[in-house]
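>>> Sequence and predicted structure, then a few things I'm wondering about:
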Amino acid sequence: MKTPGFPKDYTSASVRDCFWKIIAPRGHLVRLEFITFQIRVNDRVKISYDWNWWYPWHIYRLTPWHSFTVYSTGRQLGVQLFGADEVDHRVGFLANYTMVPAGGMRHFLAVYGGSLLR
């Protein structure tokens, strides 16, 4: 999964309709690893778990080329990039997703609450 044109700079127009919907098989969670995350100053990535749009995570600009991993709390994960700032130039993000067995991870999420971002 990557922003349009990656590794070239993206524009607000190119990400206007960018939405990724990932659904894991039953008994699995989604593991989303951002390998490269370099978005513009006023842009954000919205991550929703099991289509809970009321309480999504909003990830703003981090140190360029910073990588991190997100796990879903259920079978579904939604990712959307909102572009606002045309002055700054960034490459966007590159991410890989895999499906992982829910077993121990679901217990960890239940004990520590919400979603896991590490």
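Perfect, I can see it now.

>>> which residues of this structure fall in helices?
Shown for the chain, the helices assigned by DSSP state H span residues 103-112.

>>> where in it is pLDDT low?
Across the chain, the ranges flagged by pLDDT under 70 are 51-58, 60-66, 85-88, 104-118.

>>> Surely Pro7 and Gln38 touch.
No - Pro7 is beyond contact range of Gln38, at 9.5 Å (criterion: CB atoms under 8 Å). In short, each C-beta sits where N, CA and C put it, glycine included.

>>> which one of these two has more residues nearby?
Set side by side, Pro7 and Gln38 show more neighbours around Gln38, with 21 against 11, by other CB atoms under 10 Å.

>>> can you give me the end-to-end distance of stretch 69-78?
With CA to CA, to the nearest Å applied, stretch 69-78 spans 14 Å between its terminal residues.

>>> what does stretch 4-18 give?
Span of stretch 4-18 from end to end, CA to CA: 8 Å.

>>> Give me the contact list for stretch 94-103.
Outside stretch 94-103, the residues that touch it by CB atoms under 8 Å, 6 or more residues apart in numbering are 1-3, 6-7, 22, 24-25, 27-37, 71, 77, 79.

>>> quick one on the thing from earlier: what residues do Pro7 and Gln38 have in common as contacts?
Shared contacts of Pro7 and Gln38 (CB under 8 Å, 6+ apart): Val91.

>>> Now restrict the contacts of stretch 94-103 to buried residues only.
2-3, 22, 24, 28-32, 34, 36-37, 71, 77, 79 (16 or more other CB atoms under 10 Å).
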